[in-house]
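S.K.: Sharing a sequence plus its predicted fold:
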Amino acid sequence: MYILAIESSCDETSVSIIKDGCEEVSTVILSQMNTHANYGGVVPEIASRMHVENITLVIDDALRKANMKMDDIDAIAVTYGPGLIGSLLVGLMAAKTLAFIYNKPLIPVHHIAGHIYANNLVKRLEFPLIALVVSGGHTELIYMKEDYSFEKLGGTLDDAVGEAYDKVARVIDVPYPGGPLVDKLAFEGENTYDLPLPLNDDSYNFSFSGLKSAVINLAHNEKQRGHEIIKENMACSFQDRVVEILVKKTMKALKDYGVKNLIVAGGVAANKGLRNGLTEACEEAHVNLIIPEMKYCTDNAAMIGAAGYYAYKRGDIADLDLNSKAVTELK
Amino acid sequence: MKYLFIDSATTNLVVAIINNGKISYIYNNNDGHDTSSKMMPVLSEAFDKASLKPKDIDKIFVVNGPGSFTGIRVGLTVAKTMAYSLDIPIVPISSLEVMASRSAGTALINARRGYVFAGTYDNDLNNVYPDSYVLMNDSLTKPYISYDNFDFETVKPNIDVLKIVIKHENDEAVNPHTINPNYLKLTEAEEKLKKHDRESE
């Protein structure tokens, strides 16, 4: 079964053709990052404008790369949410149009299901599993007993982990996109600043706003005293705390649910500090850890095509009045 | 010739199919902010009622602005995706011209903070005061044609799709990949950046 998938939830216009939920036939990703870098972050209206300018070019490119025609496609999958509503709508309308004119099933895919199923393109998922979803908009622990069954164990109560990275980057004058650069700096510094371990309790929830405020206050106080902040050390101290709590709660979930498979998903899965921390903890606990290749960590349509296959098997087929949702729970 | 007309730039969603000079289907309703979910079911009904398939269409006329940014994108995405994949010629149309299609005057769309999208059209749909983003002012030719009330004499738009299609029947088709919205207005972020650049020069 060939699925043409469209993803446009933030600042990447992406189209992919995926066979049977696991084989990537072609993927095209048009990133708007360089444009948004001029503004220090993603500007929703500019993102929407760029999506509409590029959407058909990206669809065309994906078909060409696959050497396929629309008639060879069996179904259309699309990210319906969560994300920037204006951005989502462009991909959604294009997908609905294709589904309508070629009379193909329209499969609505939750963006986070996509991030989880990015791992299926690397290796077939094994169940039961725990998924740690970490990105600019999400920090969640999800239990899956079988394909396309999602039970949310916990999530962030305030900032997502990627959001906290971006804010800390601003405090220590690291340019956009701050997250990857903070990760890089962390490896050049030492843990010298005393920061709190955020929401260190028995729940599966996270909170990063306190940690972020601690970094802001510390930086402010140091400046008042005329001390210069050592960026590398601040990045390292911050990252150590983030990784510590993410690893701690993830390992607790694995233990509590007696699960031996862990997958990591989302943009922050590219973070080397987190990768190292989880690799070490999983080796010790004899847990099978799957982290997607770097190219699948950022937003892409390949993961939507992979998830779309299993969504279709579950019977998720949308009508033509399908709408985008800026905020929506994974079910 | 079989034509498809789509306009979702204003508060009214308009979808029409014209078959050999006659309107065989028209939808023209105020759907508020629900255009994105309304559009495809309406389109599907249009083809059913007209007993046509999307591939039968010879030309697509799509309103590409000005108006609601999101609204423009909804209709344009559908139209360009269809034009691209079925290789159908596509022609952009002004939302203001559509509003002024039955009676001459100045078509107005509220653009907030005292600004409007304005365009004056005569009875032959010539754009005598070019579509612009301007501060609302008294020099704009009356009557005003708008879904909003600008004065006591504001005329509600009464759309003549056939007249528009005939006027633009022989317009040169544009590349579906490069037919883009005509917002007539930069985003706020772009305006700020431009202002900042000017000041620092």
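M.R.: Thanks, I have it.

S.K.: any low-confidence regions in chain B?
M.R.: B:201 (pLDDT under 70).

S.K.: longest single helix anywhere in it?
M.R.: In chain B, taking DSSP state H as the definition, the longest helix is helix B:69-86.

S.K.: Which element is encountered next along the chain beyond that helix?
M.R.: Remark: after helix B:69-86, the chain's next helix or strand is strand B:90-93, criterion DSSP states H and E.

S.K.: Helices of chain B, start to end?
M.R.: B:35-49, B:69-86, B:95-99, B:161-168, B:188-200.

S.K.: And the third one, what's buried?
M.R.: In this case it means helix B:95-99. B:95-99 (16 or more other C-beta atoms under 10 Å in any protein chain shown). Quick note: C-beta positions are derived from backbone N, CA and C, even for glycine.

S.K.: which residues touch A:E126?
M.R.: A:261, A:288 (C-beta atoms under 8 Å, 6 or more residues apart in numbering or on different chains).

S.K.: so B:S132 sits right up against B:G119, yeah?
M.R.: Yes. The pair B:S132 / B:G119 is scored as a contact, 7.1 Å apart, by C-beta atoms under 8 Å.

S.K.: Settle it for me: which of the two has more neighbours?
M.R.: In this view B:S132 and B:G119 are compared by other C-beta atoms under 10 Å in any protein chain shown, and B:G119 has more residues nearby, 26 against 16.

S.K.: Quick check: the more buried one vs chain A, distance?
M.R.: 21 Å (C-beta to the nearest C-beta, to the nearest Å).

S.K.: okay, now the residue lying closest to A:A66 once chain neighbours are set aside: neighbour count?
M.R.: Nearest non-adjacent residue to A:A66, counting by C-beta to C-beta, 6 or more residues apart in numbering or on different chains: A:S26, 3.9 Å away. A count of nearby residues for A:S26, using other C-beta under 10 Å, gives 20.

S.K.: Could you confirm A:S26 falls within a strand?
M.R.: Yes. Counting by DSSP: H, G, I helix; E, B strand; the rest coil, A:S26 is located in a strand.

S.K.: Is it in contact with A:I17, as I believe?
M.R.: Yes. Between A:S26 and A:I17 there is a contact at 5.0 Å, judged by C-beta under 8 Å.

S.K.: Quick check: neighbours shared by these two?
M.R.: Joint contacts of A:S26 and A:I17 (C-beta under 8 Å, 6+ apart) are A:62-63, A:66, A:68.

S.K.: in chain A, which spans are strands?
M.R.: A:2-7, A:12-19, A:23-31, A:75-81, A:106-110, A:129-134, A:139-144, A:151-155, A:261-265, A:288-290 (DSSP state E).

S.K.: Go ahead and measure how far the helix or strand of chain A with the lowest mean pLDDT is from the middle of the chain.
M.R.: Within chain A, judged by mean pLDDT, DSSP states H and E, the helix or strand with the poorest mean is helix A:33-37; its value is a mean of 90. Taking C-alpha atoms, centre = their mean, to the nearest Å, the mean C-alpha location of helix A:33-37 is offset from the chain mean by 18 Å.

S.K.: List the buried residues of that helix.
M.R.: Buried, per 16+ other C-beta under 10 Å, within helix A:33-37: A:35-36.

S.K.: Thank you, goodbye.
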